[in-house]
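Novice: got a predicted structure here, sequence first:
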Amino acid sequence: MGVTAVFIDGGYLDKVLYRDHSNARIDLEKLTRLMSQPDELLRAYYYHCMPYQGTPPTAEESMRYAGRHRFITKLSLLPRFEVRLGRLVCRGIDKTTGERIFQQKRVDCMIGVDMALLAGKGKITNAAILTGDSDLMPAIESVKREGVLTTLWHGGLIPENRPSSELYALVDERRQLMPELIQGILLHRLPHH
């Protein structure tokens with residue numbers, strides 16, 4: 001049996017759940033267990049950014065930030081979970097919608113560094129990566145050179161969520177987040193009495 005580390009790009013997962021699966025809320029602990037099977041899970045790494053807040057923040061920005069903070073705190077308490085936060089920066093205004101354009105910074109770099117360090121030190125035999133971003137290709141190439149098996153977990157029920165074709169071709173194995181898989185890991189809320 002091998003040892004797997006799971007790497008989840010939280011921003012990409014959010015888009016996949018929103019666009020491909022009607023904004024489904026899932027149990028991330030169950031997802032990471034699925035992603036690591038049949039191996040032992042070394043650790044799950046979850047990468048995201050806190051939501052943007054202006055100065056001063058609007059009520060909506062404050063609520064969104066507080067909600068993400070609660071979520072991140074709960075995640076960091078899960079067994080074998082490590083949360084890594086990048087930064088969200090405003091890159092301007094979309095000319096057609098008038099909405100601000102935000103971009104994650106540091107997330108891809110953190111994923112790549114974590115993957116390469118674990119592979120280089122011989123701590124993992126497999127890397128399960130949930131992303132669609134071709135920026136991770138150099139890191140994936142380096143872990144493959146270390147003999148680590150790479151599995152890409154991805155969306156794609158709608159074209160905007162498909163991973164880059166170069167990334168798709170580079171990894172050893174691929175798993176799409178299909179509706180039946182998502183149904184099996186939905187987060188069930190307790191009924192109110």
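Specialist: Arrived safely, thanks for sending.

Novice: in this protein, which helix is the longest?
Specialist: Longest helix in the chain by number of residues, with DSSP state H as the criterion: helix 59-76.

Novice: where in the protein is pLDDT low?
Specialist: Low-confidence segments of the chain, defined by pLDDT under 70, are located at 189-193.

Novice: hey, where'd the helices end up in it?
Specialist: Defined through DSSP H, the helices belonging to the chain, from first to last, are 10-20, 28-36, 59-76, 107-120, 137-145, 165-170, 179-184.

Novice: kindly reformat the ones you listed as a markdown table containing distance to P51.
Specialist: In short, each C-beta sits where N, CA and C put it, glycine included. Output for these, formatted as a markdown table (distance: least, C-beta to C-beta, whole Å):
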| stretch | distance to P51 |
| --- | --- |
| helix 10-20 | 11 |
| helix 28-36 | 18 |
| helix 59-76 | 5 |
| helix 107-120 | 14 |
| helix 137-145 | 26 |
| helix 165-170 | 26 |
| helix 179-184 | 24 |
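
Novice: so how far is F102 from E61?
Specialist: When distance is defined by C-beta to C-beta, to the nearest Å, E61 is 12 Å away from F102.

Novice: quick check: neighbours shared by those two?
Specialist: Y52 (C-beta atoms under 8 Å, 6 or more residues apart in numbering).

Novice: G11 is in contact with V107, correct?
Specialist: Yes. When contacts are counted by C-beta atoms under 8 Å, V107 is listed as touching G11 (6.9 Å).

Novice: on that earlier part again, Serialize the helices of the chain to TSV and add fields for mean neighbour count and distance to N126.
Specialist: Listed next are those as TSV, based on neighbours: other C-beta atoms under 10 Å; distance: least, C-beta to C-beta, whole Å:
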stretch	mean neighbour count	distance to N126
helix 10-20	19	19
helix 28-36	19	8
helix 59-76	13	22
helix 107-120	19	10
helix 137-145	17	10
helix 165-170	14	15
helix 179-184	12	18
